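>>> Just need the structure, nothing else, for what follows:
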Amino acid sequence: MTPKPIPAKRPPVAIEHVTTSLDMGGAQAMLVKLIEAGAGNDRNDSSVLSLMRPGVMLPALRGAGCPVYSLDMKRGMVGPAGLIRLLRITARVNPDVIQGWMYHGNLAASVAGFFQGSQVPVVWNVRHSLSDPALETRTTRRLLALSARMSRSAAAIIYNSQVAAREHEAIGFASGRAAYIPNGFDCDYYKPDRSRRSYLRSVFGISDEPVVVAMIARLHPMKDHAMLVDAVAEARGAGANLHLLMVGSDLDKPPPALAKLIADRLPAECVTLAGQRTDVADWLPGVDIVALSSAWGEAFPNILGEAMACGLPCVATDIGDCASILGETGLTVPARSVDAMAAALVRIAALGEAGRTSMGAAARERVLSQFELRQVALQYRRLYAAVLDRTFAPTTDWGGSGMRGAGARPA
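Numbers count the residues shown, from 1 in each chain. Here you go, the predicted model:
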């Protein structure tokens, strides 16, 4: 009897991730999670090249055994010296696939790919939505125009937001290359634990009575922290006993206009500001409501997935994919609408602890079924296999979750 042939094992796939930075941010967090999910997997041999000097994400990458390189650039495009370093590092890494992250990283990946030759596919990763390009800075608008022209050099363009994919193609990004892969979340790391409620309050010095509304986001105009301050003040005026907690880079030293608004609108004992923290998973399950007040720019906010995985009710502005992420497990309101945000906060606060727990449990189930990290990492591996095999087919079904048409063959 002739034995069945043993299928040939696909050799390790060397992925060079080219990212704008390794500072705290949604794209950087997803990059780290993706590499950690592949740690010990001999089918994915990753390295990371940061255009800027590595930031707070560096220890996690080193802990996953991932080689990290840097061009040590300041903000801006790659100059001649940086270009030489980019090409030298890429030649040393000798990748099978070059994966760009964010606009600058995508362009640098395409340049590196050009010098590697057509046998090394380049994949872009777009992490931003464009509800109104006029809201972007002049520099970003120029970068978008250059990216649109160069987007045809990419074998595939990953979008973590279905809305963002349509918006970018509308301004000239190559059609027929889109692949939708949502953000993924480790639901063993982010999980419900209401015993964390007392821990949260001890960490931030919050009394036991109020409902804690938390926004975890860096200080940036697109996040519209001022809108949430006004909304919490309005909700308190309607009788909701709320305490506002805002955590993120530079929020411990807010600009004068925001500081004055907070002082004018909220009693000092009802608001807490804190800077960037790396221990969010330790206290996030103790929050009562997570709010996101962004005015533009969001694609797939990581904080929504993390909060939902922790079993927390969320309210967010209808920017990017926020509405489809939350589904019926949370509330979305129009951007910049203080009244609508306040009404949503009052509504969730009025549910009581039991009602919020029930709402949060549905949110966690949604993350487990649609955004679980291992399944998302598998979608990346399948895409890399498809572009290497030249079998990649673009996303055509924008109605569901997960990627459609990235290649049916498992990686």
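>>> residues touching residue 214, list them.
Residues in contact with residue 214 (C-beta atoms under 8 Å, 6 or more residues apart in numbering) are 245-247, 284, 287, 289-291. Heads up, the C-betas are built off the backbone N, CA and C, glycines and all.
>>> is it possible to export the residues you listed to TSV including secondary structure, distance to residue 383 and neighbour count?
Output for the contacts of residue 214, formatted as TSV (DSSP: H, G, I helix; E, B strand; the rest coil; distance: C-beta to C-beta, whole Å; neighbours: other C-beta atoms under 10 Å):
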residue	secondary structure	distance to residue 383	neighbour count
245	strand	38	25
246	strand	36	26
247	strand	33	23
284	helix	30	23
287	coil	34	25
289	strand	35	25
290	strand	30	28
291	strand	33	31
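>>> in the stretch 201-350 of the chain, which spans are helices?
225-237, 256-265, 280-283, 302-309, 322-326, 338-349 (DSSP state H, counting those that start in this stretch).
>>> Domain map for this structure?
If you go by automatic domain parsing, the domain ranges for the chain are 13-184+372-389, 196-370.
>>> Kindly export the strand or helix carrying residue 143 (C-alpha atoms) in PDB.
According to DSSP states H and E, residue 143 maps onto helix 138-150. The C-alpha coordinates for helix 138-150 follow below in PDB (Å, rounded to 0.1, in the frame of the first residue of the first chain):
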ATOM      1  CA  ARG A 138      -2.100  70.700   5.400                       C
ATOM      2  CA  THR A 139       0.800  68.300   5.900                       C
ATOM      3  CA  THR A 140      -1.600  65.300   6.300                       C
ATOM      4  CA  ARG A 141      -3.500  66.300   3.200                       C
ATOM      5  CA  ARG A 142      -0.300  66.400   1.200                       C
ATOM      6  CA  LEU A 143       0.700  63.000   2.600                       C
ATOM      7  CA  LEU A 144      -2.700  61.600   1.600                       C
ATOM      8  CA  ALA A 145      -2.300  62.900  -1.900                       C
ATOM      9  CA  LEU A 146       1.100  61.300  -2.200                       C
ATOM     10  CA  SER A 147      -0.200  58.100  -0.700                       C
ATOM     11  CA  ALA A 148      -3.100  57.900  -3.200                       C
ATOM     12  CA  ARG A 149      -0.600  58.200  -6.100                       C
ATOM     13  CA  MET A 150       1.700  55.500  -4.600                       C
END
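>>> dump the residue contacts of the closest residue to residue 228 other than its chain neighbours.
Counting by C-beta to C-beta, 6 or more residues apart in numbering, the nearest residue to residue 228 once its immediate chain neighbours are dropped is residue 293, at 4.0 Å. Listed by C-beta under 8 Å, 6+ apart, the contact partners of residue 293 are 215, 223-225, 227-228, 231, 316-317, 341.
>>> ok, and which of the helices of the stretch 201-350 of the chain has the densest surroundings?
Among those, helix 302-309 has the highest mean neighbour count (mean count of other C-beta atoms under 10 Å), at a mean of 27.
>>> now for that one, which elements pack on it?
Helix 302-309 is packed against helix 26-38, strand 289-292, strand 314-317, helix 322-326, helix 352-370, with contacts defined by 3 or more C-beta pairs under 8 Å, 6 or more residues apart in numbering; DSSP states H and E.
>>> so that helix versus helix 26-38, what angle?
Angle of helix 302-309 versus helix 26-38, following axes from the mean of the first three to the mean of the last three C-alpha atoms, to 10 degrees, is 50 degrees.
>>> and the worst-scoring helix or strand of the chain on mean pLDDT, which strands flank it?
Ranking every helix and strand in the chain by mean pLDDT, DSSP states H and E puts strand 44-52 at the bottom, with a mean of 90. Paired with strand 44-52 in the same sheet, following DSSP bridges, are strand 13-19 (parallel), strand 68-73 (parallel).
>>> among those strands, which is nearest residue 337?
Closest to residue 337 of those is strand 13-19 (C-beta to C-beta; 34.1 Å).
>>> Contacts for the closest one, please.
27-28, 31, 35, 43-51, 86, 90, 93-102, 105-106, 108-109, 112, 381, 384-385, 388, 411.
>>> Just the buried ones from the residues you listed?
Buried residues within the contacts of strand 13-19, counting neighbours by 16 or more other C-beta atoms under 10 Å: 27-28, 31, 35, 44-51, 86, 90, 93, 95-102, 105-106, 108-109, 112, 381, 384-385, 388, 411.
>>> So which elements touch the helix or strand residue 383 falls within?
Using DSSP H and E, residue 383 sits within helix 373-389. If you count contacts as 3+ C-beta pairs under 8 Å, 6+ apart, helix 373-389 packs onto strand 13-19, helix 26-38, strand 97-101, strand 122-126, strand 156-159.
>>> so can I have CSV of those showing mean pLDDT?
CSV is the format used below for the helices and strands packed on helix 373-389 (pLDDT from 0 to 100):
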stretch, mean pLDDT
strand 13-19, 95
helix 26-38, 92
strand 97-101, 97
strand 122-126, 98
strand 156-159, 97
